[in-house]
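Participant: Kindly return the folded structure for what I paste below:
(2 chains)
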Amino acid sequence: KNQVEQSPQSLIILEGKNCTLQCNYTVSPFSNLRWYKQDTGRGPVSLTIMTFSENTKSNGRYTATLDADTKQSSLHITASQLSDSASYICVVTNTGGGNKLTFGTGTQLKVEL
Amino acid sequence: NAGVTQTPKFQVLKTGQSMTLQCAQDMNHNSMYWYRQDPGMGLRLIYYSASEGTTDKGEVPNGYNVSRLNKREFSLRLESAAPSQTSVYFCASSQGLSSGNTIYFGEGSWLTVV
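Facilitator: Got it, this is the predicted structure:
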């Protein structure tokens, strides 16, 4: 069964600190992995998309890594800001049966002063 | 830069009532989707439309119907609402079904069925 598991479920950090969110998946055959940011009461917004051959990708203060061998990804947030408070969702696409997306349940991040 | 626009934002229905969620995108995208998001679960695909004139079932289609009215618009209809359909609904669009395409989401529609 295709699954995407994220950890931790929730996280509280102080403004200016760094943090790393984890994503493990069992999706096969693998096509790509995406990270989305979802603010409370809003729709998800794409941060990065990584294919099998990419092992790191940055978008400003967000850096995603991918280890396709161990089926793990991480999202590292540098110098956190209050506006980073959101849910971060890992999404994995498989190529079997029409590019099906499997969504994780998200990590809820809160950045405090 | 409207992107993907959904209406209504909030709706309360009584069991058995019907309603239609409207969605429009202004990015000239070929593919459109309807997802639902429930607490403790990842987003799940209800229906999608690969291109104008086509629609296909997703993971959880029961109790829903869709219409791809034209390239811009994709509506989701609940014919006889049930409490299990209480959820947040997201419309989304992408250039195509190719796995590398970014999927853009609307702001969501909060539906409560009592």
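Participant: Pull up the pairing partners for the least confident helix or strand in chain A by mean pLDDT, direction included.
Facilitator: With mean pLDDT, DSSP states H and E as the measure, the helix or strand of chain A carrying the lowest mean pLDDT is strand A:100-103 (a mean of 89). Sheet pairing for strand A:100-103, assigned by DSSP bridges, gives strand A:86-94 (antiparallel).
Participant: sorry, back to before: ok, and what's touching the least confident helix or strand of chain A?
Facilitator: Taking contacts as CB atoms under 8 Å, 6 or more residues apart in numbering or on different chains, the residues outside strand A:100-103 that touch it are A:2-4, A:25, A:27, A:89-94, B:42-45, B:103. Where you see a C-beta, it was placed from the backbone N, CA and C, and this is true even at glycine.
Participant: Now the two most distant members of these.
Facilitator: Among those, the pair separated by the greatest distance (CB to CB) is A:3 and B:103, at 19.8 Å.
Participant: And those two? Which one has more around it.
Facilitator: With other CB atoms under 10 Å in any protein chain shown as the criterion, residue A:3 and residue B:103 differ in neighbour count, and residue B:103 comes out ahead with 23 against 12.
Participant: do you know how far the more buried one is from residue B:58?
Facilitator: 13 Å (CB to CB, to the nearest Å).
Participant: Excluding chain neighbours, what is closest to residue A:103?
Facilitator: residue B:42 (3.1 Å; CB to CB, 6 or more residues apart in numbering or on different chains).
Participant: List the contacts of the residue nearest to residue B:7 when sequence neighbours are not counted.
Facilitator: On the basis of CB to CB, 6+ apart, the spatially nearest residue to residue B:7 that is not a chain neighbour turns out to be residue B:22, at 4.8 Å. When the contact criterion is CB under 8 Å, 6+ apart, the partners of residue B:22 are B:6-7, B:73, B:75.
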